[in-house]
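Participant: Give me coordinates for this.
(2 chains, ligands or ions: 2)
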Amino acid sequence: MKKIEIDAKGIHYTPLNEMIREAVRDGAEEIVLNNVIGQRFIADGLKGDVTITINGVAGGDLGMFMNGPTCIVNGNCDHAPGNTMDMGTIIVHGSTGDAAAHSMRGGKLFVENNIGYRGGIHMKQYEEEHRPVLVVGGTAHAFLGEYMAGGLILVLGIGKEEPIVDRGIGSGIHGGMIIVRGEVEDEILGIGARKTDFGEEELEMITPYVEEFCEHFGKDPSGLLNMNYTCIVPASTRPFAGKYTWE
Amino acid sequence: MSLGSVPLKYKVSIDREQCMHCMRCIDNCSYGVFHREDDRIIIDSRKCTACHHCISMCPRDAITLKERPVDYRSHPLWTAEAREDIINQARSGKIILSGMGNAKPYPVIFDRLVLDACQVTNPSIDPLREPMELRTYLGKKPSRLEINKKDNGDVELLTKLTPNLKLDTPIMIGHMSYGAISLNAQLSLAKAVEKTGTFMGTGEGGLHEAIYPYQKNMIVQVASGRFGVDINYLERGAAIEIKIGQGAKPGIGGHLPGEKVCQDVSCTRMIPLGSDAISPAPHHDIYSIEDLAQLVRSLKEATEWKKPVFVKIAAVHNAAAIAAGIARSSADAVVIDGFRGGSGATPKVFRDNVGIPIEAAVASVDQKLKDQGIRNKISVIASGGIRNSADIAKSIALGADAVYIGTGALIAMGCRVCGQCYRGMCPWGIATQRPDLVERLDPEVESEHVANLIRSWTLELSELMGAAGINSIESLRSNRSRLRGYMLDEGTLDVLQVKPVGA
Ligand code: SF4
Ligand code: SF4
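Facilitator: Ligands and ions are numbered 1, 2, ... in the order given. As a prediction, this is how the structure comes out:
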């Protein structure tokens, strides 16, 4: 296993990304970036089977358009990690800014603590291998899963009385599913979203993701694998179908 | 009481003397205007959209079509259209969906601008004899070049140049997605741009495999739905265009109805079969000009700064300020789409009322960029309602580097601007995914038609330039002194920075 360490201190994101690409071309399977302090676009458009450990705070658009790699962030993330990502895994030992998993088409994003506004917005899915998953340990702000077209958003609300208090969950959702631990008030659902029952089937579906989450962050899954969840799905898969008449 | 039916929009009739009963019109009409009862062809005029497919295929010129055969009481304010829209909405309670570009009779600024030509004091140039330079480079130009003169006389360029797109003609084809138009239509356009040394846009529909052979002539689009966008798609394109807005519907997103998402469209867009493809109004990772700069850089970073990135906005009041902001990002070109720009499906109220004409938008963008000393940092592409080579020459003289044509290229493939694209039954095989209709469009033949159009306009452009004593497109760009306004008001002349005729 080829491992490469890069000291990112004082390096602009473009040369930093060049160094990462170079390392991947050289066959690195593990890259450790130390002293990362807000460099954007890390692993942007990166393909391959490599694990990048980011020690520090990752800047915006971490893993954008990424296809394959794994990024482990030992710190927080700025906005939109996993933006339009195709495949791969991002694990954040901290919180993220807004628009986490924006337009994500595949892969997984695990956030130990909280995400900002518009998390999982316009996530979409395509065939079996392209089913994105966003798992949030803490809570999410407004417009979670807005315009969602596919995939799964799971909010665990660990340590929270109420898992989510911000409004606009799933406004315009027309595919996929948002699952929140505990109760979700009707008032905070967005237009086009509705609640459904969380059943055995759903529990079975989320179990591997809950387990993977706990594995990444060293938590005990037992208290999280029960029926205490709320499912939010599209009221219709064609939210605009009845909106128009012809000229 | 029932509102009853509104009068016919079109009345179709057959000259029974001329007709030879070949029944071609029945097969040709996808809307079902014609059917056969015993030996007679029965006509249901209410279904007609004036697409002209039957008329163009009738071997006997036996079909006649008349618009609005029934009069209303004439009224300057309460037009037939105003009345019928109200009846439609009183019935439905819905938003009226329309197709193609702005259909209101606003004055056309292009038609009130005239071009200059040489007489006596300066000679015109004969394009037959002299080389005319129409080659256009799109992208950033350095404000100064640093060179190193070597001892042997060679010069070495020290300034690092940013990638530009090299066009043989300043005419490109704008973004029309696979999904909105058929694969055969896209393929025809792709073959045409390859033949003529120019580029076309993919629209927000991904890139179908059949288009891969033409990828070096494709500008791939990234819009708010991010459909079909992955790293391979970005790497295939010759350039990348971020779509912020569209002239036909500034400020709103779009959606491709699930019915149009067939197997092929589904895999090109990378969405499930039959699901609505909804592009939200804004990109939800762009809420400011700084965020836009970030998206530009993320695309550059993903493609290792090897490709130009364009940003397309709809022509709106503050287009100039927005363009100046875009010029300060890492973007290489800004596309301004005027309010006459076409669209497969647009709420009518937007199509007809929102946005500004491309002529004014381009002139003000160019002027603002020059005033701020950043014109070299970005190329300007004009689009939306460009109908002929004169419109192109005028656009360039008003400050554009190149233009996108859309509707014009479709007309070259048969489109009759019937405006029913959103219904997915285009009898010309353009705005449809119905296999029997798509089959009607032969990419070999239609690509030649589109290529011919580009060639004709390029020829005319060089003639116009020659007549004006200009031998390079660069010298026409933003050359307002070669334009005069005819019957344009002072305010508009001021925005265009053009003098009135005779001055
Ligand atoms: S296509 Fe013309 S000639 Fe043939 S049946 Fe129709 S109207 Fe008659
Ligand atoms: S593309 Fe087809 S449907 Fe659309 S305006 Fe042209 S002819 Fe009509």
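Participant: Only C-alpha atoms from now on, for both contacts and neighbour counts.
Facilitator: OK.
Participant: Which residues are in contact with the residue lying closest to A:Gly94 once chain neighbours are set aside?
Facilitator: Distances taken as CA to CA, 6 or more residues apart in numbering or on different chains place A:Asn76 nearest to A:Gly94, at 4.6 Å, with adjacent residues excluded. The contact partners of A:Asn76, taken as CA atoms under 8 Å, 6 or more residues apart in numbering or on different chains, are A:56-58, A:92-96.
Participant: what about A:Gly56, which SS state?
Facilitator: Local secondary structure at A:Gly56 is given as strand here, using DSSP: H, G, I helix; E, B strand; the rest coil.
Participant: what's the neighbour count on it?
Facilitator: The local packing of A:Gly56 (other CA atoms under 10 Å in any protein chain shown) involves 19 other residues.
Participant: ok, for it, nearest residue in space, not its chain neighbours?
Facilitator: Using CA to CA, 6+ apart, the closest residue to A:Gly56 is A:Val36 (4.6 Å).
Participant: in chain A, what spans have low per-residue confidence?
Facilitator: Applying pLDDT under 70 to chain A flags no residue at all.
Participant: Quick check: residues of it near ligand 2?
Facilitator: Counting by CA under 6 Å from any ligand atom, no position of chain A is adjacent to ligand 2.
Participant: can you give me the strands for chain A?
Facilitator: A:3-7, A:30-37, A:51-57, A:67-74, A:87-92, A:108-111, A:133-136, A:149-155, A:175-181, A:193-196, A:229-234, A:244-246 (DSSP state E).
Participant: Nearest residue to the middle of chain B?
Facilitator: B:Gly406 (3.0 Å; CA atoms, centre = their mean).
Participant: Could you measure from that one over to ligand 1?
Facilitator: According to CA to the nearest ligand atom, to the nearest Å, B:Gly406 and ligand 1 sit 30 Å apart.
Participant: on that earlier part again, between the contacts of A:Asn76, which is nearest ligand 1?
Facilitator: A:Thr96 (65.0 Å; CA to the nearest ligand atom).
Participant: Now the nearest residue to B:Gly469 once chain neighbours are set aside: phi and psi?
Facilitator: Nearest non-adjacent residue to B:Gly469, counting by CA to CA, 6+ apart: B:Ser124, 4.2 Å away. Dihedral pair for B:Ser124: phi -80, psi 170, per degrees, to the nearest 10.
Participant: who touches the closest residue to A:Ile232 other than its chain neighbours in this structure?
Facilitator: Excluding the flanking residues, the one nearest A:Ile232 by CA to CA, 6+ apart is A:Lys195, at 4.5 Å. Shown in contact with A:Lys195 (CA under 8 Å, 6+ apart): A:230-233.
Participant: out of those residues, who has the most neighbours?
Facilitator: A:Ile232 (24 neighbours).
Participant: now it: how far from B:Asn232?
Facilitator: For A:Ile232, the distance to B:Asn232 (CA to CA, to the nearest Å) stands at 33 Å.
Participant: mind listing the helices in the stretch 151-300 of chain B by residue range?
Facilitator: Under the criterion DSSP state H, counting those that start in this stretch, helices of the stretch 151-300 of chain B are mapped to B:183-196, B:231-236, B:263-269, B:289-302.
Participant: Among those helices, show the one with the smallest mean pLDDT.
Facilitator: Among these, helix B:263-269 carries the lowest mean pLDDT, a mean of 84.
Participant: can you name the farthest residue from the center of chain B?
Facilitator: Chain B, CA atoms, centre = their mean, max distance from centroid: B:Asp151 (50.9 Å).
Participant: Look up how far B:Leu157 lies from that one.
Facilitator: Between B:Asp151 and B:Leu157 the computed distance is 14 Å (CA to CA).
Participant: just to revisit the earlier point, please identify the most buried of the helices of the stretch 151-300 of chain B.
Facilitator: Among these, helix B:183-196 has the highest mean neighbour count (mean count of other CA atoms under 10 Å in any protein chain shown), at a mean of 24.
Participant: coming back round to it: indicate which one of the helices of the stretch 151-300 of chain B is closest to chain A.
Facilitator: helix B:289-302 (4.5 Å; CA to the nearest CA).
Participant: who does that closest one touch, helix- and strand-wise?
Facilitator: Counting contacts by 3 or more CA pairs under 8 Å, 6 or more residues apart in numbering or on different chains; DSSP states H and E, helix B:289-302 is packed against strand B:309-314, helix B:319-327.
Participant: Give me the buried stretch members for the lowest-mean-pLDDT helix or strand in chain B, please.
Facilitator: Ranked by mean pLDDT, DSSP states H and E, the weakest helix or strand in chain B is strand B:254-256, scoring a mean of 76. By 16 or more other CA atoms under 10 Å in any protein chain shown, the buried positions in strand B:254-256 come out as B:254, B:256.
Participant: hmm, who's touching that strand?
Facilitator: For strand B:254-256, using CA under 8 Å, 6+ apart, the contacting residues are B:179-180, B:276-281, B:346.
Participant: can you check stretch B:83-98 too?
Facilitator: With contacts defined as CA under 8 Å, 6+ apart, stretch B:83-98 is touched by A:242-247, B:3, B:6, B:344-349, B:351, B:419-420, B:422.
Participant: Give the buried residues for the top helix by length along chain B.
Facilitator: Assignment by DSSP state H gives helix B:443-467 as the longest helix of chain B. For helix B:443-467, a neighbour-count test (16+ other CA under 10 Å) marks B:443, B:446-455, B:457-467 as buried.
Participant: Surely B:Glu474 is in a helix?
Facilitator: Yes - under three-state DSSP, B:Glu474 falls within a helix.
Participant: dump the residue contacts of it.
Facilitator: B:Glu474 touches B:Thr136, counting by CA under 8 Å, 6+ apart.
Participant: B:Lys149 now?
Facilitator: B:155-156.
Participant: Who is it paired with across the strands?
Facilitator: Taking DSSP bridges as the rule, B:Lys149 bridges to B:Val155.
Participant: ok, so what distance separates it from chain A?
Facilitator: 30 Å (CA to the nearest CA, to the nearest Å).
Participant: cool, and B:Ala363?
Facilitator: Taking CA to the nearest CA, one finds B:Ala363 at 33 Å from chain A.
Participant: Same check on B:Leu134?
Facilitator: The gap separating B:Leu134 from chain A is 35 Å, by CA to the nearest CA.
Participant: Looks like that residue contacts B:Lys166 (just checking).
Facilitator: No - with contact defined as CA atoms under 8 Å, B:Leu134 does not count as touching B:Lys166 (10.7 Å).
Participant: More neighbours: the two, which one.
Facilitator: Per other CA under 10 Å, whichever of B:Leu134 and B:Lys166 has more neighbours is B:Leu134, with 20 against 15.
Participant: Report the contact partners of B:Leu437.
Facilitator: Counted by CA under 8 Å, 6+ apart, B:Leu437 has contacts B:425-429.
Participant: Quick check: the residue of chain A nearest ligand 1.
Facilitator: A:Glu247 (27.1 Å).
Participant: before we move on, back to that, inside strands: which ones of the contacts of B:Leu437?
Facilitator: Short answer: those have none in strands (DSSP E).
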